[in-house]
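Trainee: Build me a structure from this.
(chains A, B, C and D)
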There are 2 protein chains.
Amino acid sequence: MSQPSGRHPVVPPTLATVAERAGVSRQTVSNALNSPGLLRPDTLERVLAVVAELGYTPNRAARQLRTRASRLVGLRFEAAQEGASSALLDRFVHSLVETSERIGHHVLLFSGDEDDPLDGYDELLRSTAVDAFVVTDTYAGTPQAAFLQSRGAPFVAFGRPWDDLGAGGASDWAWVDVDGGHGARLATEHLIEQGHTRVAWLGWERSSRIGEDRRSGWETAMAAAGHPVAGLGVRTTDNVDAARMAVHRLLEERPVTGFVCVSDTLGIGVLHALQERGLTPGKEVGVVGFDDSLGAQMVWPGLSSVRQPLEQVAVELVTLLHLVLGDKPVDDRGTMLQPTLVVRRSSRRDWA
Amino acid sequence: MSQPSGRHPVVPPTLATVAERAGVSRQTVSNALNSPGLLRPDTLERVLAVVAELGYTPNRAARQLRTRASRLVGLRFEAAQEGASSALLDRFVHSLVETSERIGHHVLLFSGDEDDPLDGYDELLRSTAVDAFVVTDTYAGTPQAAFLQSRGAPFVAFGRPWDDLGAGGASDWAWVDVDGGHGARLATEHLIEQGHTRVAWLGWERSSRIGEDRRSGWETAMAAAGHPVAGLGVRTTDNVDAARMAVHRLLEERPVTGFVCVSDTLGIGVLHALQERGLTPGKEVGVVGFDDSLGAQMVWPGLSSVRQPLEQVAVELVTLLHLVLGDKPVDDRGTMLQPTLVVRRSSRRDWA
DNA sequence: ATGAAAGCGCTAACAA
DNA sequence: TTGTTAGCGCTTTCAT
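Mentor: Coordinates of the predicted model:
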């Protein structure tokens, strides 16, 4: 037997079908759906009954052609760089999909050449396939925002406009971001509360704006507690083994008892190093990672970590999107969300 | 300053613009793009030059209205159940997006009520928003396939039609799946090669078809090597602590030296238990997980794991999709792909 | 090989 | 409050 799909596709009803059945004009059916206030209550009820009965849903193509709105938002879906953010993106995307649906939009995924951050956007724009974009990687110097602005394309960004902020200029587009500096400060303060005074920073290379932002939170917290940080800030690549070796090196030089890490990957590297030195995480040396990844939950004995409110980021982005698409004034273009600290045994002195 | 987006959106050119500029009719431009063979070479060249110059891309809504094809495939994006498959889905989705684009389709994400596996499909169908669906969770008894078939909606499935296969009937739709039994057999044979004879199975509850399929691979390999399995098959929930305790219980009863696990989560639970008993993974007890998740890569000392060829699954699905959408006969409706074994230190006797 | 006419299903604008 | 008219941009059909 063959799949019925191609042969007998069920033909959905159109406005005309509903209109005829309800004894009104097509326009009245359209109004019943889009401006119900215009109809007399009894007409409305009758029309909606037929709509429900036939299971009528407006044809998206026709509506899109007429209204010039696809009710689709584009999201460039990057390959998760091995060893990073995949679960992270997962939580975010799921929330984005759900929240977008609440304002009547679906999420369209597209890909692009890794080496060309603009690849893919233009074609969707020219074919009027999407109403707007959600841009997720506006780290320093990425050209998407400028490009989309030049094309007059609505968009919202996950990630603050570092350059503009740094230059003191007001950001010129709608964005949502998570305050990584605050997250690192929470982590550092937590370790200090646990009695640690020599708390090290294990971060990415200086070129990472996100990394330096988080690092500043560690510095702030250490300064506030009156603890010196000289020689305690270490930079490495985002890789378990690199972190492991950096930790061995550092521990041979200085009596560090706490580590705040820019990522869970590095945090796990610290745990490995401690294990190799016969030190118990939490009890003797406190460790906190960043992102609350699956790895942090599963690694022994549990890695404390800073958790980004990704679901909330998506919600805020969709709120902004709604404003931008409605051509409403967006007075509060930037929204900064605060992360939270998830404490596990790697930073607790008192676990069995 | 306001974002230019809403105010001066760049209006993309239409067929008419191109036609006028090239001195031909709109129809000729359409033909240049869809049936270039119909044009005289010089006309074709002239038209395409204008198309390129103006950056013309056909309006998707208009095309969709006319051809009744959205060039969109729907994918219901489930929330990654905490502790599972998120990175997995990530690799799959990325490959799906990239591959779909090669046949001119984009991926539309939608969500649905967790308790209703059919939620979301019907509305997209009635609004003719998508041409087809990719269904990712056709485990035993899920009703999506039957529903989509009844509506005449084209779809392809990641996941074999367990029931039909079990009943001996031919599968009635296009699917791709990964041979989990083979994966578990690879893992078991690998441990046996390392000299282990008492290799245990750590799996999910019996109700999981996928779990039982994988388990059968372990049984097969053990039988082939002549090792008894009585008392060595353990079932638990997919959770690190549950696995940890199950392992402690088992090790107190029997001198097991190898564990093949139905998931990395359980594999990591085994590693925790070994650690608590002062046993070194790999050297004394071999452990293999399933899915090659991030956790497997990051956990100490590295968890060997069965890796599913998710990228290839997506490629095969899109190939089937292409056939189904073209209403071509799909003679080979089911494609079974083989996983591979990634060996890390948890199953090697000889690591430093 | 090229062009003209028609119409996909919807909604904005206007008329009744 | 409801109906009529027109047209979004494209492709299918048919005429030239």
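Trainee: Show me what counts as buried in whichever strand or helix holds residue A:248.
Mentor: Under DSSP states H and E, the secondary-structure element containing residue A:248 is helix A:240-253. Counting neighbours by 16 or more other Cβ atoms under 10 Å in any protein chain shown, one finds that the buried residues in helix A:240-253 are A:240, A:243-244, A:246-247, A:250-251. Heads up, the C-betas are built off the backbone N, CA and C, glycines and all.
Trainee: just the CA coordinates of that helix, formatted as CSV?
Mentor: Provided in CSV are the C-alpha atoms of helix A:240-253 (Å, rounded to 0.1, in the frame of the first residue of the first chain):
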residue,chain,number,x,y,z
VAL,A,240,39.0,20.4,30.0
ASP,A,241,42.6,19.5,29.6
ALA,A,242,43.8,23.0,29.2
ALA,A,243,42.1,23.9,32.5
ARG,A,244,43.4,20.9,34.2
MET,A,245,47.0,21.7,33.4
ALA,A,246,46.5,25.4,34.2
VAL,A,247,45.2,24.4,37.6
HIS,A,248,48.2,22.2,38.3
ARG,A,249,50.5,25.0,37.4
LEU,A,250,48.7,27.5,39.6
LEU,A,251,48.5,25.2,42.6
GLU,A,252,52.2,24.6,42.5
GLU,A,253,52.8,28.3,42.8
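Trainee: Counting by contacts, list what it packs against.
Mentor: In this structure, helix A:240-253 packs against strand A:199-203, helix A:264-276, with contacts taken as 3 or more Cβ pairs under 8 Å, 6 or more residues apart in numbering or on different chains; DSSP states H and E.
Trainee: Dump those into a markdown table; add distance to residue B:311 and mean neighbour count as well.
Mentor: Conversion of the helices and strands packed on helix A:240-253 to a markdown table gives the following (distance: least, Cβ to Cβ, whole Å; neighbours: other Cβ atoms under 10 Å in any protein chain shown):
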| stretch | distance to residue B:311 | mean neighbour count |
| --- | --- | --- |
| strand A:199-203 | 32 | 27 |
| helix A:264-276 | 22 | 26 |
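Trainee: thinking again about what came up before, and after the helix holding residue A:248, which helix or strand comes next?
Mentor: Remark: after helix A:240-253, the chain's next helix or strand is strand A:258-261, criterion DSSP H and E.
Trainee: Would you map the strands across the stretch 201-350 of chain A?
Mentor: Using DSSP state E, counting those that start in this stretch, the strands of the stretch 201-350 of chain A run over residues A:233-235, A:258-261, A:286-290, A:304-307, A:334-337, A:340-342.
Trainee: Those strands: which one's closest to residue A:196?
Mentor: strand A:258-261 (3.7 Å; Cβ to Cβ).
Trainee: backbone phi and psi for residue A:117, please?
Mentor: Main-chain dihedrals, residue A:117, degrees, to the nearest 10: phi -60, psi -10.
Trainee: got a pLDDT number for it?
Mentor: At residue A:117, the model reports a pLDDT of 89.
Trainee: leaving aside the residues next to it on the chain, what's closest to residue A:340?
Mentor: Nearest residue to residue A:340, sequence neighbours excluded (Cβ to Cβ, 6 or more residues apart in numbering or on different chains): residue A:307, at 5.3 Å.
Trainee: one step back: out of the buried residues of helix A:240-253, which comes closest to residue B:65?
Mentor: Closest approach to residue B:65 among the buried residues of helix A:240-253 (Cβ to Cβ): residue A:240, at 52.7 Å.
Trainee: Touching, the closest one and residue A:272? I think so.
Mentor: Yes - counting by Cβ atoms under 8 Å, residue A:240 touches residue A:272, with 6.5 Å between them.
Trainee: Is residue A:156 located within a strand, as I assumed?
Mentor: Yes - in this structure, residue A:156 lies within a strand as judged by DSSP: H, G, I helix; E, B strand; the rest coil.
Trainee: give me the number of residues near it?
Mentor: 26 (other Cβ atoms under 10 Å in any protein chain shown).
Trainee: In TSV, list the helices and strands packed on helix A:240-253 along with distance to residue B:230 and mean pLDDT.
Mentor: Listed next are those as TSV, based on distance: least, Cβ to Cβ, whole Å; pLDDT from 0 to 100:
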stretch	distance to residue B:230	mean pLDDT
strand A:199-203	49	98
helix A:264-276	36	95
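Trainee: so which of these comes closest to DNA strand C?
Mentor: Ranking the helices and strands packed on helix A:240-253 by their distance to DNA strand C (criterion: Cβ to the nearest atom of the strand) puts helix A:264-276 first, at 46.8 Å.
Trainee: Which elements pack onto that closest one?
Mentor: When contacts are defined as 3+ Cβ pairs under 8 Å, 6+ apart, helix A:264-276 sits against strand A:199-203, helix A:240-253, strand A:258-261, strand A:286-290, helix A:294-298.
Trainee: circling back: could you pull up the mean pLDDT of the helix holding residue A:248?
Mentor: Over the span of helix A:240-253, the pLDDT mean works out to 96.
Trainee: now stretch A:217-233
Mentor: pLDDT averaged over stretch A:217-233 gives 98.
Trainee: Tell me the gap between the helix or strand containing residue A:43 and the middle of its chain.
Mentor: Assignment of secondary structure by DSSP H and E places residue A:43 within helix A:41-54. If you compare the mean C-alpha spot of helix A:41-54 with that of the full chain, they lie 41 Å apart, counting by Cα atoms, centre = their mean, to the nearest Å.
Trainee: The closest residue to residue A:215 other than its chain neighbours: what's it in contact with?
Mentor: What sits nearest to residue A:215 in space, not counting adjacent residues and going by Cβ to Cβ, 6+ apart, is residue A:203, at 5.0 Å. For residue A:203, the set of contacting residues under the criterion of Cβ atoms under 8 Å, 6 or more residues apart in numbering or on different chains consists of A:211-212, A:214-215, A:233-236, A:261-262, A:266.
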